[in-house]
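**Q** I'd like to go over a predicted model; first the sequence, then the structure.
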Amino acid sequence: MSRHPRVWMGIGLWSLFGQAQAAWDVNMRSGATEVSRSVFDLHMTIFWICVIIGVLVFAAMFWSMFAHRRSKRLESAHFHENTRVEVLWTIIPLLILIGMAIPATR
């Protein structure tokens with residue numbers, strides 16, 4: 001046996017349970033009626049909005065980690081409060097939620 005039995009156990013469990021995902025359906029199914037199709041379309045629209053937001057947030061996060069890493073020997077600015085930024089990151093999600101709620105109420 002290897003020095004790393006957990007690695008082999010993980011590979012074994014992954015190969016065993018990895019086969020079960022083939023029958024796992026995550027998304028909603030498109031319905032037969034007009035209302036269910038419109039609900040499905042709304043769901044997919046909001047899903048793709050969330051995907052775009054997630055990609056942008058992770059891109060900003062990784063850019064920030066890469067641009068401000070310690071290896072550049074730069075000293076970061078020390079500040080505690082920035083009212084403009086706090087208002088901005090409160091207003092933007094509110095506008096996104098309002099924008100997603102408008103089609104949901106139609």
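**A** Nice, I can see it.
**Q** which residue ranges of this structure form helices?
**A** Using DSSP state H, the helices of the chain run over 5-17, 34-67, 83-104.
**Q** so which elements touch the longest one?
**A** For helix 34-67, the helices and strands in contact under the criterion 3 or more CB pairs under 8 Å, 6 or more residues apart in numbering; DSSP states H and E are helix 83-104. From N, CA and C alone the C-beta is placed, and that goes for glycine too.
**Q** could you check how far the residue nearest the centre of the chain is from residue 78?
**A** Taking CA atoms, centre = their mean as the criterion, residue 54 is the residue nearest the geometric centre of the chain, at 3.9 Å. Here residue 54 is placed at a distance of 30 Å from residue 78 (CB to CB, to the nearest Å).
**Q** neighbours of residue 15, how many?
**A** 9 (other CB atoms under 10 Å).
**Q** for it, give me its contacts.
**A** If a contact means CB atoms under 8 Å, 6 or more residues apart in numbering, then residue 15 has no contacts.
**Q** for residue 50, give me the pLDDT.
**A** As predicted, residue 50 sits at a pLDDT of 90.
**Q** where does the prediction get shaky in this protein?
**A** 1-2, 20-25, 70-74, 76 (pLDDT under 70).
**Q** could you rerun that using 90?
**A** Residues of the chain that meet the criterion pLDDT under 90 lie in 1-32, 35-47, 49, 64-86, 89, 93, 96-97, 99-106.
**Q** next, residue 29: phi, psi?
**A** phi -90, psi 150 (degrees, to the nearest 10).
**Q** skipping its backbone neighbours, what lies nearest it in space?
**A** residue 40 (7.6 Å; CB to CB, 6 or more residues apart in numbering).
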